[in-house]
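> Please find the sequence and the predicted model below.
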Amino acid sequence: MIQSWAGGVHPPRCSTPRASPLLGHHDGRLARLLALLAEPLTPWQLATRMEWNRPWAEIPHGSRTIAVSEAESHLRRLVKLGRAEPVAGSEPVAYVAV
C-alpha cells in the first residue's frame, strides 16, 4: 500500500465514512502512476497518459495545465515516498519509478 497522506508516519484516523475511500482512491492513483513511470516521463507526458473524466484530446487547453499541476503534485508525493526520482540531466525534467 502506498501512503498517500501527507505528514507523519502514521495514517490519519478516518473520522468520516468518506475518508477511507478517498485514501484508497489516492493509493490506487499513485499505483497506476508508478506503472506509467516504468519509462521516464515529463509531468506533461504523464498527464496525457493519466485517467481523466474524458479523453485527453477532449480536455480544454486551459484545463490541461491544471491536469499537469495534478500530475506534478502526484510526482512530488512519489518522490517524497522514495518511489520515483527525477532523471539526471533530463530537460525538461522527466521522472521514473524506482
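Right, received. Where do you want to start? Residues are numbered from 1 along each chain as shown.

> Go through the longest helix along the chain and flag the buried ones.
The longest helix of the chain (DSSP state H) is helix 61-80. Neighbour-count burial for helix 61-80, counted by 16 or more other CB atoms under 10 Å, picks out 67, 68, 70, 71, 72, 74, 75, 77, 78. All C-beta atoms are positioned from the backbone trio N, CA, C, and that covers glycine.

> Check which strands are paired with the helix or strand just after that helix and give the direction for each one.
Toward the C-terminal end, the helix or strand that comes next after helix 61-80 (DSSP states H and E) is strand 84-86. Using DSSP bridges, the strands paired with strand 84-86 are strand 95-97 (antiparallel).

> ok, back up a step: contacts for the longest helix of the chain, please.
Helix 61-80 is contacted by residues 4, 6, 29-30, 33-34, 37, 43-44, 46-47, 50, 52, 56, 59, 84-86, 95, 97 when judged by CB atoms under 8 Å, 6 or more residues apart in numbering.

> Output the contacting helices and strands for the lowest-mean-pLDDT helix or strand in the chain.
One helix or strand of the chain scores below all others by mean pLDDT, DSSP states H and E: helix 19-36, with a mean of 84. Judged by 3 or more CB pairs under 8 Å, 6 or more residues apart in numbering; DSSP states H and E, helix 19-36 is in contact with helix 43-49, helix 61-80.

> mind redoing it with 10 Å?
In terms of contacts (3 or more CB pairs under 10 Å, 6 or more residues apart in numbering; DSSP states H and E), helix 19-36 is packed against helix 43-49, helix 61-80, strand 84-86, strand 95-97.

> rewinding a little: if any of the contacts of helix 61-80 are buried, put those into a PyMOL selection.
To isolate the buried members of the contacts of helix 61-80 in PyMOL, using 16+ other CB under 10 Å:
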select buried, resi 4+29+30+33+34+37+43+46+47+50+59+84+95+97
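
> coming back round to it: tell me the one of the buried residues of helix 61-80 nearest residue 16?
Proximity of the buried residues of helix 61-80 to residue 16 was ranked by CB to CB; the top entry is residue 77 with 21.8 Å.
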